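Participant: The amino acid sequence is not available; the structure is as follows:
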């Protein structure tokens, strides 16, 4: 299959390339940029004038809900939704059912993803068996089965000693650990940010210190063990300070934040809408400002969707009884583009937060446009506003942005040179 | 900033159609509620303690949390309005079999319930029902989690107004476990809206919620300072669980520091009102002699509670009826 | 359009009628009940003129109206106040304007929730002859014929004074 994309503004943040030019693709790889190679005649041309072509987005946290939660989603449905969002590489967390703690589960996910053919799925393995926090999973076997990193998610480790030893073991083999710091005891029973809004609504609060106490512990153990570390889904201003300090001291830690955390805060919890129930919780407006600044400065080099689709019944209950999570992989790009519209970032920098930034954090070869590299390309119209939810593909409609306007619209998504999504 | 969307409790004409929280309600509306409740008080003194306002209507008490006292006063209030009353104690029935809150209430609505009185352990449950389940059936919040208990607040306000007069000259202290108290939250909002200039909360830091100043109250950790010269003391119940979760060392230490005794009550004005939403824990937050003493209006609160609930139910039914008519006219 | 009578002369005539009525029925110990708001003013006047030592109460029929379903609670509700026992009592029930009769029906319903009176005598200042229920005044000031959309209203408390409004100004 030979394809030429004509006249797009091609932006590759990794190489700082930003020019209007043509892209030529063959056999699933990028053949050339600019003039077509001698004798190249494409089967298909895409008129991309006025559009932006960037590397296919890399989303570090996308729950596919398979195996185990078929009411909420499947690999097929959620990768299709990802493709509609311009995401061509995604990492799925290990909290499936069964938990991703054996190579068999990793293989199942990879097989099904390949069969669906919508996006590249890179599984994140469970750090401990069953995510119970006690026994180490067979990390090397999982790596060999395709896991690119390991995490405990929000589940606690049995003790600091167990955590330290897990990190030492992972460091032995150069494995990357993803941390979402939240002290389970300080957070116990909580479902909203501990602050005036939660008090007013009578919701049990999760103090900022639940995040920072665990973060401090994690940073010290990372320093002690030398393990490769990435922080996913931090929420507080204080955490941003601690992260920046650690980086300044030379600790090579990276971080991503959830896209929705850059737009929403606890003041949005009007009327107890369960659509805004997320974990870790939406924090204050000041925290949101600090997250946005950290994304701007690059202390946080990646934005991830933290996509968690749910069936309607899971949200059609009072706030406290609802399942936390927002379905948002298909709007990762539009949400990120609001930062450009707000003047926080220029277009290439914003794009790097969802392409090369996340790829570099986990050492993935993705998120770049390189000659001979995989033709994972996203085309979008930067001037075309659209209504979110018009053609919603995720099985979970639990998204507070549905019905709102988005500043950009994905027009084409190419995965391995194949057109896996196109607007009509 | 009101966290309750305006359209939820009020109909197009600004009349009450659900009673979920004091938040977002105007001083005029709250005053109208108190005036209406005053009229209903008189009904309770007659031979036939009934008026035919809600005759033919079905009021469902849907209680997910056990509470004989509150349920009984709501039942009495509904019956005095001549309504038919259905009592559902859901703690034991269908939701334990997995039927969702949503389905339970939709089934009741299908059985032609005209009004739901709901008590639930989750903050926001009444909002959820009014907004997502049955917008056309009046929902009265009988207490949702830690969030609100608006009828209790209004009966407390009626008590204060009847015994102490206008709120503009009063100093009111709320003492105890503010953190877990929906009564405290609703009372602070009601007092503020009705123009009380000096609202005090008295509690140790472990029992105070974050951002308490947003309610416009003065915070005291020392009972003996906070009670000085107040006109009204509202004592809150202290639950045993608070000792287990590390918020307090013991009941006796709490009683020593925050208990309302004859000695500490003497710091307030000589005719200060003693109030408590009940049930009282004698010897934990309040001394028996004070609870039963001449300044206590605790038993009167119960009587006022019936009148307030009658007022709330009538007004909400009016609001729903009017909205229904407006909807029909628009079609 | 009829000319409006002077309230004072109506009240004088009604007081005479009431005295005669009480004598004929041999009622020595009546109780007066005025219906808010105009009925209370009329009751006050008759009470003072005929039997000032008799007890007097007021009724607000808001909770007994038959149109709750259509109109809900009225904006202002005042408490009713009957500072005497109703059982075995001869009640003089007083209102200002008798129109459809529904107000009187509501007042009777409310009265009977207080107790069982020995008798109820209905006294109204004006009857506009627009009855929808079989209710008639025992003692009446005057009958007025109104045109479509016209309403008559008693204003007070001093001086008491009848006014006519028509549909346009209603």
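Facilitator: It's in. These numbers were taken from a predicted model, which means no experiment stands behind them.
Participant: give me the number of residues near residue A:37?
Facilitator: Taking other Cβ atoms under 10 Å in any protein chain shown as the criterion, the count of residues near residue A:37 is 10. For the C-beta atoms, the positions are set from N, CA and C on the backbone; glycine is no exception.
Participant: other SSEs contacting the longest helix seen in chain C?
Facilitator: Longest helix in chain C, counting residues (DSSP state H): helix C:7-25. Packing partners of helix C:7-25 (3 or more Cβ pairs under 8 Å, 6 or more residues apart in numbering or on different chains; DSSP states H and E): helix C:38-50, strand C:119-127, strand C:139-143.
Participant: again, only using 6 Å
Facilitator: helix C:38-50, strand C:139-143 (3 or more Cβ pairs under 6 Å, 6 or more residues apart in numbering or on different chains; DSSP states H and E).
Participant: ok, whichever helix or strand comes after it near chain B or not?
Facilitator: For helix C:7-25, the following helix or strand on the C-terminal side (DSSP states H and E) is strand C:31-35. No: residues of strand C:31-35 are not located near chain B by Cβ under 6 Å from any Cβ of the partner chain, the shortest gap being 13.9 Å.
Participant: Average pLDDT for strand C:31-35, rounded please.
Facilitator: Taken as a whole, strand C:31-35 carries a mean pLDDT of 97.
Participant: ok, it: who's next to it in the sheet?
Facilitator: The strands beside strand C:31-35 in its sheet (DSSP bridges) come out as strand C:56-59 (parallel), strand C:90-98 (parallel).
Participant: which one of those is the most hemmed in?
Facilitator: Per-stretch averages of neighbours, counted by mean count of other Cβ atoms under 10 Å in any protein chain shown, single out strand C:90-98 among the strands paired with strand C:31-35, with a mean of 25.
Participant: Centre of the chain to the helix or strand just after it, how far?
Facilitator: Note on strand C:90-98: by DSSP H and E, the next helix or strand toward the C-terminus is helix C:102-114. Offset of helix C:102-114 from its chain centre (Cα atoms, centre = their mean, to the nearest Å): 12 Å.
Participant: So is helix C:102-114 next to chain B?
Facilitator: Yes: using Cβ under 6 Å from any Cβ, helix C:102-114 reaches chain B at C:113-114.
Participant: Near residue B:86, how many other residues are there?
Facilitator: By the criterion of other Cβ under 10 Å, residue B:86 has 16 neighbours.
Participant: and it, what is it in contact with?
Facilitator: residue B:60 (Cβ atoms under 6 Å, 6 or more residues apart in numbering or on different chains).
Participant: Tell me how far it lies from residue B:120.
Facilitator: 17 Å (Cβ to Cβ, to the nearest Å).
Participant: swap in residue B:133?
Facilitator: Taking Cβ to Cβ as the measure, residue B:133 falls 12 Å from residue B:120.
Participant: next one: residue C:128
Facilitator: 53 Å.
Participant: quick one: low-confidence ranges for the stretch 51-200 of chain B?
Facilitator: Applying pLDDT under 70 to the stretch 51-200 of chain B picks out residues B:91-98.
Participant: Show the pLDDT at residue B:201.
Facilitator: With respect to pLDDT, residue B:201 has a value of 98.
Participant: my read: it touches residue B:178, true?
Facilitator: Yes: taking contacts as Cβ atoms under 6 Å, residue B:201 lies within contact range of residue B:178: 5.3 Å.
Participant: Write out the residues of chain B neighbouring chain A.
Facilitator: Counting by Cβ under 6 Å from any Cβ, chain B comes close to chain A at B:3, B:5, B:101-102, B:122-125, B:127-128, B:145-147, B:209-211, B:214.
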